[in-house]
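Engineer: have a look at this prediction, sequence included:
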Amino acid sequence: MTINSAAATPYFKRLRTFATSYFYFYMILGHVHRNLSRRNFNKTNYNQMKNHFRSIDWEDEMEDLTYEEAWQLLKDNYDQAVNDSVPLQKDKKKYKPQWLKSSVKKSIKKKYALYQKCRRTENYRDYVEYKKQNNKTRKLVRKAQAEFEHKLMKQFKQKPKAFYSYIRNKQKVRVGVSQLEKPNGDLTDTDQDAAEILSKFFHSVYTNEPDGEMPQMDRQVGINCFLSDIALTEDEVKKRLDALNPDKCPGPNNIHPQILKECSQELARPFFLLFRKSLESGELPSDWKIARVTPIFKKGSKTKAGNYRPVSLTCIPCKILETIIRERMLEHAKNQNIF
């Protein structure tokens, strides 16, 4: 049954307002793309990468190098191995909700086909058929979303990153750094000015220890119980590499924890030699002192620098060495009954 344009108004006028919502379904079906320019570590050729690390005589290469030169040698070989073994994500990635199942996708496609048919024929029966499919699709979408969110909640302890990633994607308003207030009351005009204000504020709240001699304290342990050396073994370095979380972000020097974990057998030796040089010299490579600091808004006015807190992303190899030193200090303190 075909109806004229006047009688169609109660149905097809509403139907035409649905057209804008189909941009969302275009996104689901893959017609909207995002450009990506990053490496796909999930497709790494680890056999090739491991062979590259095995081919290097680390003992001979690092023998006469300083801790800074040894780190640069290790970093250069790591970068070369990544360039050779980790493919680039060159193609465009289609936007796809995490909860989208194949059955839901088919239902969305069928709904869109009925929508086009209804618009073309302006037939009441086609409109009823479209409405039935629309209601069915809506129920499937809600069910798929609910099942996916329930699954995220059950796996929260094992995969907290997936949960928080989904929450961030659901947020309609992204909280970032806005214009900040200068000391004279004016607002910043550029990101560089805002970064400098935040940097000065973060530096001002750090505790600056005074120069000079350390304060005298009552001796609580024997005179021969100093921790004069940090025992370090290659097996412990490998153990620390194996314990890395591959889902964590790489540090400022782009050393990915997934690579370190997968190639722990091959990289334990060079990192052991590097850590030993650093401990013997009492110095750290300059790259390890660099952190990527991100300001996180807390509450209050977004124009006040004091309402942001810094979160720093530091070098992963430096974290491993810090963990080993901390364990040695705790063992020494317990052995000497300091606490």
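Structural biologist: Sure, I can see it. A quick note: this is a predicted structure, and the numbers were derived from the prediction, not measured.

Engineer: name the SS class of residue 294, please.
Structural biologist: strand (DSSP: H, G, I helix; E, B strand; the rest coil).

Engineer: correct me, but residue 130 touches residue 116?
Structural biologist: No - counting by Cβ atoms under 8 Å, residue 130 stays clear of residue 116, with 9.4 Å between them. All C-beta spots, glycine's among them, are computed from the backbone N, C-alpha and C.

Engineer: out of the two, which sits in the busier spot?
Structural biologist: Applying other Cβ atoms under 10 Å to residue 130 and residue 116 shows that residue 130 carries more neighbours, namely 24 against 13.

Engineer: against residue 141, how distant is that one?
Structural biologist: From residue 130 across to residue 141, the span is 16 Å (Cβ to Cβ, to the nearest Å).

Engineer: what of residue 50?
Structural biologist: Counting by Cβ to Cβ, the gap from residue 50 to residue 141 is 44 Å.

Engineer: buried ones in stretch 76-93?
Structural biologist: 77-78, 81-82, 85-86, 89 (16 or more other Cβ atoms under 10 Å).

Engineer: now, which of those residues sits nearest residue 210?
Structural biologist: Among these, residue 78 lies closest to residue 210 (Cβ to Cβ), at 39.8 Å.

Engineer: so who does that closest one touch?
Structural biologist: For residue 78, the contacting residues are 255, 259, by Cβ atoms under 8 Å, 6 or more residues apart in numbering.

Engineer: apply 6 Å and report the result again.
Structural biologist: Contacts for residue 78 (Cβ atoms under 6 Å, 6 or more residues apart in numbering) come out as none.

Engineer: what about it, which helix or strand?
Structural biologist: helix 67-85 (DSSP states H and E).

Engineer: and that helix, what's its mean pLDDT?
Structural biologist: Averaging pLDDT along helix 67-85 yields 93.

Engineer: distance between it and the chain's centre?
Structural biologist: Relative to its chain's centre, helix 67-85 lies at 22 Å (Cα atoms, centre = their mean, to the nearest Å).

Engineer: the chain should start at 197 in everything you say after this.
Structural biologist: Okay, using 197 as the starting number, the last item reads as helix 263-281.

Engineer: just the CA atoms of it, as CSV, please.
Structural biologist: C-alpha atoms of helix 263-281 as CSV (Å, rounded to 0.1, in the frame of the first residue of the first chain):
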residue,chain,number,x,y,z
TYR,A,263,78.0,3.6,31.4
GLU,A,264,76.7,6.3,29.0
GLU,A,265,78.3,4.7,26.0
ALA,A,266,77.1,1.2,27.0
TRP,A,267,73.5,2.5,27.3
GLN,A,268,73.7,4.1,23.9
LEU,A,269,75.0,0.9,22.3
LEU,A,270,72.2,-1.1,23.8
LYS,A,271,69.6,1.6,22.8
ASP,A,272,70.9,1.7,19.2
ASN,A,273,70.7,-2.1,18.9
TYR,A,274,67.2,-2.1,20.4
ASP,A,275,66.1,0.5,17.9
GLN,A,276,67.6,-1.4,15.0
ALA,A,277,65.9,-4.6,16.1
VAL,A,278,62.5,-2.8,16.4
ASN,A,279,62.9,-1.3,13.0
ASP,A,280,63.7,-4.7,11.4
SER,A,281,61.2,-6.9,13.3
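
Engineer: average pLDDT for the longest helix along the chain?
Structural biologist: If you go by DSSP state H, the chain has its longest helix at helix 320-350. Helix 320-350 carries an average pLDDT of 91.

Engineer: just the buried positions in it, please.
Structural biologist: Here helix 320-350 shows 320, 322-323, 326, 329-330, 333, 336-337, 340, 344-345, 348 as buried, counting by 16+ other Cβ under 10 Å.

Engineer: with stretch 238-248 instead?
Structural biologist: Buried, per 16+ other Cβ under 10 Å, within stretch 238-248: 240, 245-246, 248.

Engineer: same check, this time on stretch 394-411
Structural biologist: Neighbour-count burial for stretch 394-411 [16+ other Cβ under 10 Å]: 394, 397-398.

Engineer: repeat for stretch 373-382
Structural biologist: 373, 376-378.

Engineer: so what's the gap between that stretch and the chain middle?
Structural biologist: Counting by Cα atoms, centre = their mean, stretch 373-382 comes out at 29 Å from the chain centroid.

Engineer: all set, thanks.
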